[in-house]
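> Mind folding the following:
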Amino acid sequence: MNTALPAPRRNVPLAPHTTLELGGRAGFFLEIARESELLEMLRWAAVQGLPAALLGGGSNVVVDDEGFPGLVVRVATRGIEVARSDQEILLTAAAGEPWDEVVSLAVGEGWAGIECLSGIPGTTGATPIQNVGAYGQEIGQVLHSVRALDRSTWEVVTLPKDELQLGYRTSLLRRQPARWAVLAVTLALRPGGEATVRYRELEKLLLAGGRDPGLPRVREAVLELRRVKSMLLTPDDPNRRSVGSFFLNPVVTAAVAEKVARRAVDLGDLACPDHLPRFPSPQGLVKLPAAWLVERAGFPRGFRRGVVGVSSRHALALVHHGGGTAAELLALAGDIVTAVEERFDVSLVPEPTALDGSPLSLPRTSGGGARLRP
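Modelled structure (predicted):
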């Protein structure tokens, strides 16, 4: 190991490095500020035969109470480069750049394309991994390319957008977490472009303000919406210990959506099938709001079980009120999944991942029966 690079610390608590403030300890832990240090530390872990995990803002991860036996590298690399043309701005941000600072910069410069992604916590390197999206925008709409370390060959490569297999909150990077380490993200933004106003709730708020929805106003409105839903990291917010939306909105066939609607009518959740909230999705599929399913399965906003519960502001956010364990939170998540399956025959999928990037494993109670797969 390079003698200029500090030795990783042993037995470091990981909870303070996550927004949930849950989880055990890392066998080894080091925060790095330079890309070369990241490559060096990952090679060191490989030589030592240790598993290695990358941690950014800790806002989309659930750390197990047993911790992580190997090396955890907190990525704090910084740096932004801009290439200009009349048609677009190519903005390249290091993986450790705080995402909202990148959005703030773009909005301040009049570069359109990510204004609706304001207020999302975490680092820039995480945005293409789950194809981050909110209020009518997705990172995939402006993503140009990702520079990444291929941990199978130790080569640094540039992956163009078309090779990233972007989908709803997923990508090649998310499906192969052990292989890729994101180093930098390049976005293609529109200089002087109009703001994106496609989301009904956002449009309603902007109309109420009676002002031209330029980029700064749209950013302000998005931040306001997120604040009302406790989706901003605010120290005095009782819902602050969360990962934001815990479940993905199920994407199902039209036939499955109709079955859900009819079942909801039979259960008294709806007056008629047409009242089921649903949104069109690519390839003729239908997106169902997971929050609606969660609340009607018996877990309303403000539901609490000991020191974990459902946010009082948003049914998709599971919160830790302090002094709890990851096992308690995951048990609640598992019970919610079971309840939704039993009531509507729809499977909910967690949006956050385990620390190593693998899908979360939820403990499940008995019951359920056959499920209609998304």
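> and residue 203, that one's in a strand?
No - under DSSP: H, G, I helix; E, B strand; the rest coil, residue 203 falls outside any strand and is assigned helix.
> what sits against the nearest residue to it once chain neighbours are set aside?
In space, and not counting its chain neighbours, residue 203 is closest to residue 197: 5.3 Å by Cβ to Cβ, 6 or more residues apart in numbering. Where C-beta positions appear, they are placed from N, C-alpha and C, glycine not excepted. Counting by Cβ atoms under 8 Å, 6 or more residues apart in numbering, residue 197 touches 136, 203, 206, 213, 218.
> Please check those residues and keep the buried ones.
Buried by 16 or more other Cβ atoms under 10 Å: 136, 206, 213, 218, out of these.
> Adding pLDDT, distance to residue 278 and secondary structure, write those residues out as JSON lines.
Putting those into JSON lines (pLDDT from 0 to 100; distance: Cβ to Cβ, whole Å; DSSP: H, G, I helix; E, B strand; the rest coil) gives the following:
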{"residue": "136", "pLDDT": "94", "distance to residue 278": "17", "secondary structure": "coil"}
{"residue": "206", "pLDDT": "91", "distance to residue 278": "24", "secondary structure": "helix"}
{"residue": "213", "pLDDT": "84", "distance to residue 278": "26", "secondary structure": "coil"}
{"residue": "218", "pLDDT": "96", "distance to residue 278": "26", "secondary structure": "helix"}
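> Looking at those, which is nearest residue 252?
Nearest to residue 252 among the buried ones among the contacts of residue 197 is residue 136, at 21.1 Å by Cβ to Cβ.
> Thought residue 199 was touching that closest one, still the case?
Yes - in this structure, residue 136 is within contact of residue 199 by Cβ atoms under 8 Å, at 4.0 Å.
> shared neighbours of these two, anything?
residue 116.
> about what we covered before: ok, now how distant is the residue nearest to residue 203 from residue 83?
Per Cβ to Cβ, to the nearest Å, residue 197 is found 28 Å from residue 83.
> So, low pLDDT: which residues of the chain?
Along the chain, the parts satisfying pLDDT under 70 run over 1-3, 211, 366-374.
> next SSE after the longest helix anywhere in it?
The longest helix of the chain (DSSP state H) is helix 326-344. Using DSSP states H and E, the helix or strand that follows helix 326-344 towards the C-terminus is strand 353-354.
> which strands and helices sit next to that next one?
Judged by 3 or more Cβ pairs under 8 Å, 6 or more residues apart in numbering; DSSP states H and E, strand 353-354 is in contact with strand 61-62.
> The strand it packs on pairs with which strands, parallel or anti?
The pairing partners recorded for strand 61-62 under DSSP bridges are strand 353-354 (parallel).
> just the helices in the protein please.
Using DSSP H, helices in the chain cover 35-48, 99-109, 172-175, 200-209, 215-228, 254-266, 290-296, 326-344.
> Which stretches in the stretch 51-200 of the chain count as strands?
52-55, 61-62, 68-75, 80-84, 89-94, 111-112, 133-134, 137-138, 143-150, 155-160, 180-191 (DSSP state E, counting those that start in this stretch).
> List the beta-bridge partners for residue 81.
Under the criterion used (DSSP bridges), residue 81 bridges to residue 92.
> nearest to residue 314, of the contacts of residue 197?
Out of those, the member with the shortest distance to residue 314 (by Cβ to Cβ) is residue 136, at 17.7 Å.
> Leaving out chain neighbours, which residue sits closest to that closest one?
residue 198 (3.4 Å).
> again with residue 292
residue 277 (5.5 Å).
> so who does that neighbour touch?
With contacts defined as Cβ under 8 Å, 6+ apart, the neighbours of residue 277 are 288-289, 292.
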